[in-house]
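S.K.: Using only what follows, build the 3D model:
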Amino acid sequence: MRVFDTVADYVAEKGKEIGVSDWVTIDQDRVNLFADATGDHQWIHIDPERTKKELGMGTIAHGYLTLSLLPYLMGQISGVKSATRGINYGSNSVRFTNMVPVGSRVRCRVTLKDASPKAGGTQIINEVTMEIEGNDRPAMVAETISLIFE
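M.R.: Purely as a prediction, here's the structure:
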């Protein structure tokens with residue numbers, strides 16, 4: 001994990017890769033818990049037998065499950081010592097570019113795209129790529145917006 005002393009130190013990395021998270025396994029239990037939490041019980045996510053029979057493959061993670069992992073995975077990549085709080089402000093774009101098969105591992109790669117003053121803090125725009133181990137095409141590419149306050 002990279003730890004920056006101040007927001008200015010983080011902002012100085014504009015245009016550069018900040019880092020890469022650890023791998024996390026997407027298992028069926030995680031997918032089922034997400035389905036229960038969101039009410040999204042689409043069979044392609046929760047019914048391995050039907051998915052195998054009808055599509056000839058295993059179940060896949062919800063796209064929004066991969067998106068929901070961003071705070072956890074990005075928290076492994078960097079931090080700012082002087083920050084008193086940070087909030088998720090939104091996303092400029094999110095694209096689910098590949099399926100995440102249950103049993104696979106994913107990780108995030110973060111590049112600081114832009115930073116500017118906003119609302120008494122600093123608005124951070126990161127390009128985040130959710131990689132799938134052993135696959136050249138990522139699961140997701142997002143441009144996330146955060147606010148960091150000192």
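S.K.: Assign a three-state SS to Glu54, would you?
M.R.: Following DSSP: H, G, I helix; E, B strand; the rest coil, Glu54 is assigned to helix.
S.K.: now the helices for this structure?
M.R.: Along the chain, counting by DSSP state H, helices occupy 7-11, 28-38, 43-46, 48-55, 63-68, 70-77.
S.K.: Distance of the residue lying farthest from the centre of the chain relative to Thr59?
M.R.: Here the centre of the chain is the reference, and by C-alpha atoms, centre = their mean the most remote residue is Lys53, at 30.6 Å. From Lys53 across to Thr59, the span is 12 Å (C-beta to C-beta, to the nearest Å). Any C-beta I mention is one placed from the backbone N, CA and C, and that applies to glycine too.
S.K.: before we move on, what about Val7?
M.R.: Distance from Val7 to Thr59, by C-beta to C-beta: 41 Å.
S.K.: okay, the two: which has more neighbours?
M.R.: Thr59 (25 against 20; other C-beta atoms under 10 Å).
S.K.: what's the distance between that one and Met130?
M.R.: Thr59 is 18 Å from Met130, by C-beta to C-beta.
S.K.: Ok, Asp114 next?
M.R.: Using C-beta to C-beta, Asp114 is found at 20 Å from Met130.
S.K.: neighbour count winner among those two?
M.R.: Met130 (24 against 15).
S.K.: That one reaches Val110, doesn't it?
M.R.: No. Contact criterion C-beta atoms under 8 Å: Met130 and Val110 do not qualify, at 10.4 Å.
S.K.: Nearest residue to the middle of this structure?
M.R.: Leu70 (2.8 Å).
S.K.: Contact partners for that residue?
M.R.: Cys108, Val128, Met130, Ala142, Thr144 (C-beta atoms under 8 Å, 6 or more residues apart in numbering).
S.K.: What is the neighbour count of Asp22?
M.R.: For Asp22, using other C-beta under 10 Å, the count is 11.
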